[in-house]
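Trainee: return a 3D structure for these sequence lines:
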Amino acid sequence: MIKIHSRLLLTLFAVLISPHTAIAESDTREAISLTESERNLVLTEMRGFLSSIQEITMALSKDDMAQVSKSAKKVGMAEQQGMPKSIREKLPKAFKVLGMKTHKAFDQLALDAREMEDKQQTLEQLGTLMNNCVACHASFKIVQEK
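Mentor: Below you'll find the predicted structure:
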């Protein structure tokens with residue numbers, strides 16, 4: 001039974017990663033063309049969001065609201081200030097709106113976690129905040145300029 005499941009999973013994985021699948025051909029996300037270094041900077045920022053979400057989740061599991069606040073604050077609006085103007089000028093308005101909304105949501109989560117120490121509210125805020133991540137990744141793809 002395990003062999004069958006393993007083969008099925010391997011086959012499914014191979015189909016999904018094939019560049020000729022319907023998924024790859026129907027990718028209608030808006031492409032954002034950046035230089036390699038610009039692309040790396042934007043993707044590093046996104047990985048920062050993900051890392052903070054992981055830290056927040058772990059801190060919530062330990063009822064450590066001070067760490068929740070600290071982890072959220074490090075990807076708040078202050079983080080966005082380091083984005084070079086050259087990159088900001090290339091980004092579509094909708095991408096920038098989602099980004100700003102996400103940074104502000106992290107700041108609000110940090111403040112509320114510190115001030116209110118309400119784990120349930122923080123979980124709800126985190127879930128709502130992650131809707132921005134899902135929407136962004138569903139709408140845009142970062143490609144390297146040719």
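Trainee: ok, residue 92 - contacts?
Mentor: 30, 32, 140 (C-beta atoms under 8 Å, 6 or more residues apart in numbering). For the C-beta atoms, the positions are set from N, CA and C on the backbone; glycine is no exception.
Trainee: burial of residue 140, as a residue count?
Mentor: When neighbours are counted by other C-beta atoms under 10 Å, residue 140 registers 18.
Trainee: how near is it to residue 101?
Mentor: Going from residue 140 to residue 101 by C-beta to C-beta, to the nearest Å gives 14 Å.
Trainee: quick check: phi and psi on residue 118?
Mentor: Torsion angles at residue 118 (phi, psi; degrees, to the nearest 10) stand at phi -110, psi 100.
Trainee: any idea where the strands of the chain begin and end?
Mentor: For the chain, strands defined by DSSP state E occupy the ranges 30-34, 140-144.
Trainee: for the protein, what's the longest helix?
Mentor: helix 36-61 (DSSP state H).
Trainee: starting at the chain centroid, how far to it?
Mentor: Remark: helix 36-61 is offset 6 Å from the chain centroid, using C-alpha atoms, centre = their mean, to the nearest Å.
Trainee: what inclination does it have with respect to strand 30-34?
Mentor: Comparing the axes of helix 36-61 and strand 30-34 via axes from the mean of the first three to the mean of the last three C-alpha atoms, to 10 degrees yields an angle of 120 degrees.
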